[in-house]
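1. would you be able to build a 3D model of this:
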Amino acid sequence: MANGHDRFENEGGGGGSFVMGLLTGTVLGAGLGLLFAPKAGSELRSQLTDQAGTLANTASEQYRRATEAAGELADRGRDVYGKARDAVSKGAEDAQKAVSKGAEDAQKYVREAASTVSRRS
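-> Presented below is the predicted three-dimensional model:
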């Protein structure tokens, strides 16, 4: 179980960095390509505006997806925590009952043994 958790942390840790690097590279590449292309100023501004809008939409969509995924993971975590808490609580109750019964049985055995010893004396 611990290995699965470690693997998740290791694999998931670089996901945000990769996405940020990808977005940064896309923006820089698009900007440089547009700046070095021979176009009129108004056409270049229009293209930059379109690219900026597209990137903003893409970033917004990725943020929405990440937020949904985080919410789902949080819900699953709460469910697992609740189930584990209930199982531990039930286990503690069962253990307490078993200890009480064992103590009662031990007291009963001691009383019977004491009674047997007193009758023999």
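
2. where's E93, which helix or strand?
-> In this assignment (DSSP states H and E), E93 forms part of helix 41-120.

3. show me what that helix is packed up against.
-> helix 15-36 (3 or more C-beta pairs under 8 Å, 6 or more residues apart in numbering; DSSP states H and E). (C-beta placed from N, C-alpha, C; glycine too.)

4. okay, the angle between the helix it packs on and helix 41-120?
-> 180 degrees (axes from the mean of the first three to the mean of the last three C-alpha atoms, to 10 degrees).

5. avg pLDDT for helix 15-36?
-> When pLDDT is averaged along helix 15-36, the result is 78.

6. distance between it and the chain's centre?
-> When distances are taken as C-alpha atoms, centre = their mean, to the nearest Å, helix 15-36 is centred 29 Å away from the chain's centroid.

7. need the residues that contact that helix.
-> By C-beta atoms under 8 Å, 6 or more residues apart in numbering, the surrounding residues in contact with helix 15-36 are L44, Q47, L48, Q51, L55, T58, A59, Q62.
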